[in-house]
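S.K.: Sequence plus predicted model, see below.
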Amino acid sequence: RIAFVNGRYVPHAAAQVHVEDRGYQFADGVYEVCEVRDGALIDVTRHLDRLERSLDELRIDHPGERSALTLIMREVVRRNRIRNGMVYLQVTRGVAPRDHGFPADVRPSVVMTARAASRAKADAQAAAGIAVITVPDNRWDRVDIKSTSLLPNVLAKQAAREAGAYEAWFVDGDGFVTEGSSTNAWIVTREGTLVTRAAEHGILRGITRGVVSDVAATRQIRVVERPFSVEEAKTAREAFITAATTIVMPVVSIDGHAVGDGKPGPVALGLRAAFHDGVERLSA
Ligand code: PMP
């Protein structure tokens, strides 16, 4: 396996950053995960738009032209011979003597890795459906920035694993679901309307979430952006999660309570099947 580290393609096992990289010391960095499907980068434009927004919000310099970043992403995919999987891209503020304030002269660090993932395995998981648990949302109020500062997400995902679930949904102080630890959360109401929380500062504006909205529109499915409670989700007709790595994944249980008839629903499975009709592809 090959990784990209600050201008070089290096063997994955030997890929290293400096101990005083601010990503390492402060989680002072941002990232993207882009799906690779049939050798193509999926929705890379939208991912790079979001990357630039995250960088701008944290006042981290852009590490280079978009065209150069895109080229490197394609090269990392190619060198790792990935047909299906994902590419991970991380930009940190850079390497400087440890001090909380921004360093004066620093160049952002750029790291990329790629990994294969089995589509058959993911499809089998979607056919079975997944379980989620709920946990209090104890994150800061700028989770719209895709930063590498992910401790609450790490702890939530671990809690899910220990409960035998696939994902943990964060719940705000009013009992409303914000999003999953690494996914956006959706329900399908009795009337067949899709509901997902509005993308303000309280959730990450998922790329997959945006595409699913677009795909729903072409299928005459109504989408409403509003908060939904855990109670509403438990009694919804269907529920599902979205992310670049999972696409649309049906949720069949919430805190041990079956959703609908406890099986993946037709709306979620239909959106999963149609998802890639709505994406932009860039061959790697
Ligand atoms: N919310 C959070 C907290 C995430 O980490 C992710 C995945 N990076 C998502 C939502 C889904 O975003 P996307 O569809 O862009 O993968």
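M.R.: Nice, thanks for sending it over. Residues are numbered from 1 along each chain as shown.

S.K.: now the strands: where do they sit in the stretch 1-150 of the chain?
M.R.: All strands of the stretch 1-150 of the chain, identified by DSSP state E, counting those that start in this stretch, fall at 2-5, 8-11, 29-37, 40-42, 85-92, 109-116, 130-136.

S.K.: how about these, which one is nearest the ligand?
M.R.: Proximity to the ligand (CB to the nearest ligand atom) singles out strand 29-37 among the strands of the stretch 1-150 of the chain, at 5.4 Å. Any C-beta I mention is one placed from the backbone N, CA and C, and that applies to glycine too.

S.K.: tell me which strands and helices that closest one is in contact with?
M.R.: Counting contacts by 3 or more CB pairs under 8 Å, 6 or more residues apart in numbering; DSSP states H and E, strand 29-37 is packed against strand 40-42, helix 44-57, strand 85-92.

S.K.: Could you give the average pLDDT over that strand?
M.R.: Confidence for strand 29-37, expressed as mean pLDDT, is 98.

S.K.: Just the angle for that strand relative to helix 44-57, thanks.
M.R.: 180 degrees (axes from the mean of the first three to the mean of the last three CA atoms, to 10 degrees).

S.K.: how about strand 29-37, does it reach the ligand?
M.R.: Yes - judged by CB under 6 Å from any ligand atom, strand 29-37 comes into contact with the ligand at residue 33.

S.K.: one step back: for residue 213, find the nearest of the strands of the stretch 1-150 of the chain.
M.R.: strand 40-42 (16.0 Å; CB to CB).

S.K.: For that closest one, which helices and strands make contact with it?
M.R.: Against strand 40-42 (3+ CB pairs under 8 Å, 6+ apart) you get strand 29-37, helix 66-79, strand 281-283.

S.K.: repeat that for 6 Å
M.R.: strand 281-283 (3 or more CB pairs under 6 Å, 6 or more residues apart in numbering; DSSP states H and E).

S.K.: Now that residue 198 has come up, it's in contact with residue 225, right?
M.R.: Yes - the criterion here is CB atoms under 6 Å, and residue 198 meets it with residue 225 at 4.0 Å.

S.K.: ranges for the helices of the stretch 151-284 of the chain?
M.R.: Residue ranges of the helices in the stretch 151-284 of the chain, as given by DSSP state H, counting those that start in this stretch, are 151-162, 207-218, 230-234, 266-274.

S.K.: So what touches the last one?
M.R.: I take that to be helix 266-274. For helix 266-274, the external contacting residues (CB atoms under 6 Å, 6 or more residues apart in numbering) are 126, 188, 212, 215, 238, 240, 247, 248, 250.

S.K.: what about the residue of the stretch 51-200 of the chain found nearest the ligand, how many neighbours?
M.R.: Closest residue of the stretch 51-200 of the chain to the ligand, CB to the nearest ligand atom: residue 182 (4.0 Å). Other residues near residue 182 come to 20 when the count uses other CB atoms under 10 Å.

S.K.: Many thanks, have a good one.
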